[in-house]
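Trainee: Give the three-dimensional model of this entry:
(2 chains)
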2 protein chains.
Amino acid sequence: MSPRADLKPRLYSPGPTEVPPYVLQALGSPITHHRSPVFSEYLMEVSENLKYVVKTGQDVYIILASATGAMEAAVSNLLSPGDKAICVRGGKFGERWSEICTAYGVEAINIDVEWGYAVDPAVIADTLKKNPDVKAVYTTLSETSTGIVTDAKAVAEVIGKTNAVMVIDATSSLGATPLLTDQWGVDVVVGGGHKALTIPPGLAFISLSEKAWKLTAASKCPKYYLDLKKYRSSLAKQTTPFTPGVNLVMGLRESLKAFREEGYNRTMRRHEILGEAMRAGVKAMGLEVYPKAPFNGLTAILAPDGMDAGEIVKTLRNKYGITIAGGQDSLKGKIFRFAHMGYADRMDVPLMLAATEMVLADLGRPVPEAGKGVGAAMEILNREWPNLASITD
Amino acid sequence: MSPRADLKPRLYSPGPTEVPPYVLQALGSPITHHRSPVFSEYLMEVSENLKYVVKTGQDVYIILASATGAMEAAVSNLLSPGDKAICVRGGKFGERWSEICTAYGVEAINIDVEWGYAVDPAVIADTLKKNPDVKAVYTTLSETSTGIVTDAKAVAEVIGKTNAVMVIDATSSLGATPLLTDQWGVDVVVGGGHKALTIPPGLAFISLSEKAWKLTAASKCPKYYLDLKKYRSSLAKQTTPFTPGVNLVMGLRESLKAFREEGYNRTMRRHEILGEAMRAGVKAMGLEVYPKAPFNGLTAILAPDGMDAGEIVKTLRNKYGITIAGGQDSLKGKIFRFAHMGYADRMDVPLMLAATEMVLADLGRPVPEAGKGVGAAMEILNREWPNLASITD
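Mentor: Residues are numbered from 1 along each chain as shown, chains lettered A, B, ... in the order given. Below is the predicted model:
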């Protein structure tokens, strides 16, 4: 939708998310050559800051691809056809792990989790006990299709006691919810730039623990562009194996500088407050939050009884200029999702809640008490936001 | 303030106002030469659309200057030292008329209006009767320092019966409140681009009626850069007398295209709804709107008793990333002003009201009922906004 004076475009979708001005400026800067010394400098700076975001001492590789590319690399580099892997499926992106495994001839043992719920670590423990030859467990940190967040620490503890590696797709939540990779013993982290890291789509990230690198030695899946050994040896020479996404890297550089300046713990707490305020607002206006273990960077809301959530999404886009997401697959028409991660501050919350209230009235289902949802959120924001300033790493 | 992920810059000041993406893109386009055929085309298109905004069949000249430059031109081109002019002073910008007249040796007969009130047309009629040799009456459409709007139609009716010309400074409201120049018989309109016309500061506008052009023939004030005859003869040749603000003109071109596409009447009604919703919200949260005849593009709010409005402005800027304006001169510390003109849609209203409520709580003066102000505004927005679509010129 092209902007108009009476209809500003506002992007609250779970990816791409709003790109901040300092990233836009970098994206619009004169392009540098990817084999120049200055680009090497940028690359090393970005890689160093990615380690800070991923909370790992391992290198984090940047792949010019959507995050699915990095997910594929996490299968094709670790496993071989005929290997066994556990795939936790509690939403659209958990299912993707299973599909990639199948595509490479890897035997996927699926743990199906009811949508809206997070996986129970005990179920993973049981499945591993029954299948001691499983080489990798594929999980999802935040299942963006349902708005849940996985207890990655508890899952890592279970998997860490076995020979299997833990792979986590953190695409939709990297930088918005804690993932203490090395400390918790998470082996492989997959991420993307166009969610909480605020760049346009195009860059995927992956890091591997020593335990995971050992697996790559035996891997027989075919790979070339996604061959992580190429990325490792190139980064050691301060470069990339293939042409990198130069201006995206330049944008990411600004985004990560901002992230680092704000600080990891403070950024996490900011998202926690945004999530809490949104959920309090939603409940105060008489609506229901869909996920049972909600991710703080996204609020998935159940449409009122008998109402098509798709209408809410469409009306917000066409009449309000606001882009959010509806439900996917079995949740289509049932939920609508506001993201509040990355470039998201406290004033986004009353705006999103007011939009929700207004669109419901527009569609003939006004909330019981005008402004109550916004009021409930503002009380939390007023109480908690000022404390952010004192949080350090 | 540089943007941060946790503190988005939001500009709600009465000028400069927020610049929309389509204008930013034009401002960032490769520059064209001002003596090229393509620039002439742009200039003529922009001039034509300015006539649409100013509601006049006369040419509207673009001066590369702040609006004060066009105000000065409206004195130095119409009058001579020793001439008499009436200056309506009901705020900072009315006073400026008087200062400019004095600087040129014009005798200023000042009508002092209590701040916060609009001028009574009967007082202008009386003053004209007592001073039949007055050549021009200088007025202000919206006194941005107090947030009032003048009844320009009634004032024009009074002045139209005399030999004096009516000059109106419409800088802060051109394009946000009706000014039917030819129909009402307003002689000289002064405008600026960085208010409701959504470009960065740099361009001023002026148009003259036939009656006003006649006055210019006798004018003996010295002038060169602001000599409107130069602008008239240049525009007849599709060019400008001096180097124009090329990229600002390119930005203005996009802004006016958007204005024209939305339509005059619809744009006026949009601002009316924004003003009404803001005022309803302010009152519902127990605050008082300062001006007695409020301009719809700006809401000037009285700070609660004993509170320094400057603290509200400072806190909104430093802690919320929101730029608004405080009071000027005698209103310093007493009022704070949110602009909602130009690039302003319905979702700006709950955001501005929520910010007001939050900052008051922050400063220890919470409103009686959380969310009530936002709720009251939303009810008006929900009722009135959908009707905009059916408004035509």
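Trainee: ranges for the helices of the stretch 151-300 of chain A?
Mentor: Taking DSSP state H, counting those that start in this stretch to define them, one finds helices in the stretch 151-300 of chain A at A:152-160, A:181-184, A:210-218, A:228-236, A:246-262, A:264-284.
Trainee: now the angle between helix A:210-218 and the fourth one, please.
Mentor: Interaxial angle of helix A:228-236 relative to helix A:210-218 (axes from the mean of the first three to the mean of the last three Cα atoms, to 10 degrees): 120 degrees.
Trainee: Run the chain-centre distance for helix A:228-236.
Mentor: 24 Å (Cα atoms, centre = their mean, to the nearest Å).
Trainee: what's that helix packed up against?
Mentor: strand A:60-64 (3 or more Cβ pairs under 8 Å, 6 or more residues apart in numbering or on different chains; DSSP states H and E). No exception for glycine: its C-beta is placed from N, CA and C like everyone else's.
Trainee: re earlier: need the helices of the stretch 151-300 of chain A in CSV with mean neighbour count and mean pLDDT, can you?
Mentor: As requested, the helices of the stretch 151-300 of chain A are arranged in CSV below (neighbours: other Cβ atoms under 10 Å in any protein chain shown; pLDDT from 0 to 100):
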stretch, mean neighbour count, mean pLDDT
helix A:152-160, 20, 98
helix A:181-184, 17, 98
helix A:210-218, 15, 97
helix A:228-236, 16, 98
helix A:246-262, 21, 97
helix A:264-284, 22, 98
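Trainee: Point out where chain A drops to low pLDDT.
Mentor: Applying pLDDT under 70 to chain A picks out residues A:1-2.
Trainee: what residue lies at the spatial centre of it?
Mentor: The residue lying closest to the centre of chain A (Cα atoms, centre = their mean) is A:Ser172, at 1.2 Å.
Trainee: Let me see the contact set for whatever residue of the stretch 51-200 of chain A ends up closest to chain B.
Mentor: Nearest residue of the stretch 51-200 of chain A to chain B: A:Thr198, at 6.9 Å (Cβ to the nearest Cβ). Each residue near A:Thr198 by Cβ atoms under 8 Å, 6 or more residues apart in numbering or on different chains is listed here: A:17-20, A:23, A:255, A:342-343, B:5.
Trainee: Over to A:Thr243?
Mentor: A:34, A:64.
Trainee: again, but for A:Gly90
Mentor: Applying Cβ under 8 Å, 6+ apart, the residues near A:Gly90 are A:112-115, A:117-119, A:140, A:143, A:146, A:148.
Trainee: again, but for A:Ser173
Mentor: Residues in contact with A:Ser173 (Cβ under 8 Å, 6+ apart) are A:141-142, A:144, A:149, A:179, A:195-196, A:295, A:297, A:341.
Trainee: which ones among these are found in strands?
Mentor: A:142, A:149 (DSSP state E).
Trainee: Dump the contacts of A:Ser173 into CSV; add neighbour count and distance to B:Glu288 as well.
Mentor: Below are the contacts of A:Ser173 laid out as CSV (neighbours: other Cβ atoms under 10 Å in any protein chain shown; distance: Cβ to Cβ, whole Å):
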residue, neighbour count, distance to B:Glu288
A:Leu141, 28, 50
A:Ser142, 35, 46
A:Thr144, 26, 46
A:Val149, 25, 45
A:Leu179, 27, 50
A:Lys195, 29, 44
A:Ala196, 33, 42
A:Phe295, 27, 42
A:Gly297, 30, 39
A:Met341, 31, 38
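Trainee: Of the contacts of A:Gly90, which count as buried by neighbour count?
Mentor: Among the contacts of A:Gly90, those classed as buried by 16 or more other Cβ atoms under 10 Å in any protein chain shown are A:113, A:115, A:118-119, A:140, A:143, A:146, A:148.
Trainee: Among those residues, which one sits closest to B:Leu50?
Mentor: A:Thr146 (52.7 Å; Cβ to Cβ).
Trainee: How many residues are close by the nearest residue to that closest one once chain neighbours are set aside?
Mentor: Leaving aside its sequence neighbours, A:Thr146 sits nearest to A:Gly91 (Cβ to Cβ, 6 or more residues apart in numbering or on different chains; 4.5 Å). By other Cβ atoms under 10 Å in any protein chain shown, the residues close to A:Gly91 number 25.
Trainee: gap between A:Gly91 and A:Val19?
Mentor: Counting by Cβ to Cβ, to the nearest Å, the separation of A:Gly91 from A:Val19 is 26 Å.
Trainee: If A:Arg4 is in a bridge, with which residues?
Mentor: Per DSSP bridges, the residues bridged to A:Arg4 are A:Leu7.
Trainee: mind listing what it touches?
Mentor: Per Cβ under 8 Å, 6+ apart, neighbours of A:Arg4: A:321, B:258, B:261-262.
Trainee: could I get these as TSV with distance to A:Ala370?
Mentor: TSV is the format used below for the contacts of A:Arg4 (distance: Cβ to Cβ, whole Å):
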residue	distance to A:Ala370
A:Gly321	21
B:Ala258	31
B:Glu261	32
B:Glu262	28
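Trainee: And these, which is closest to A:Thr68?
Mentor: Among the contacts of A:Arg4, and counting by Cβ to Cβ, the member closest to A:Thr68 is A:Gly321, at 29.3 Å.
Trainee: Now for that closest one, how many residues are close by?
Mentor: There are 20 residues near A:Gly321, going by other Cβ under 10 Å.
Trainee: how near is the residue nearest to the residue of the stretch 51-200 of chain A closest to chain B when sequence neighbours are not counted to B:Pro121?
Mentor: Sequence neighbours aside, A:Gly342 is the residue nearest to A:Thr198 in space, at 4.1 Å (criterion: Cβ to Cβ, 6+ apart). Taking Cβ to Cβ as the criterion, A:Gly342 is separated from B:Pro121 by 54 Å.
Trainee: More neighbours: which of the two?
Mentor: With neighbours defined as other Cβ under 10 Å, A:Gly342 and B:Pro121 compare such that A:Gly342 has more, 28 against 18.
Trainee: ok, now which ones touch that one?
Mentor: A:17-18, A:20, A:175-176, A:195-198, A:297, B:5.
Trainee: Would you check which pair of the residues you listed lies furthest apart?
Mentor: Farthest-apart pair in the contacts of A:Gly342 is A:Pro20 and A:Gly297; separation 15.5 Å (Cβ to Cβ).
Trainee: Residue numbers of the stretch 101-250 of chain A in contact with chain B?
Mentor: Residues of the stretch 101-250 of chain A lying near chain B by Cβ under 8 Å from any Cβ of the partner chain: A:Thr198.
Trainee: how about the closest residue to chain B within the stretch 201-350 of chain A, secondary structure?
Mentor: For the stretch 201-350 of chain A and chain B, the shortest gap (Cβ to the nearest Cβ) falls at A:Pro350, measuring 3.4 Å. Three-state call for A:Pro350 (DSSP: H, G, I helix; E, B strand; the rest coil): helix.
Trainee: That one: neighbour count?
Mentor: Neighbours of A:Pro350 (other Cβ under 10 Å): 29.
Trainee: Might one say that it is in contact with A:Gly373?
Mentor: No: with contacts counted by Cβ atoms under 8 Å, A:Pro350 stays clear of A:Gly373, the gap being 9.1 Å.
Trainee: wouldn't A:His33 be in contact with A:Phe39 here?
Mentor: Yes: the pair A:His33 and A:Phe39 passes the contact test of Cβ under 8 Å, sitting 6.5 Å apart.
Trainee: Can you work out which residues contact both of the two?
Mentor: Common neighbours of A:His33 and A:Phe39 (Cβ under 8 Å, 6+ apart) are A:Val246.
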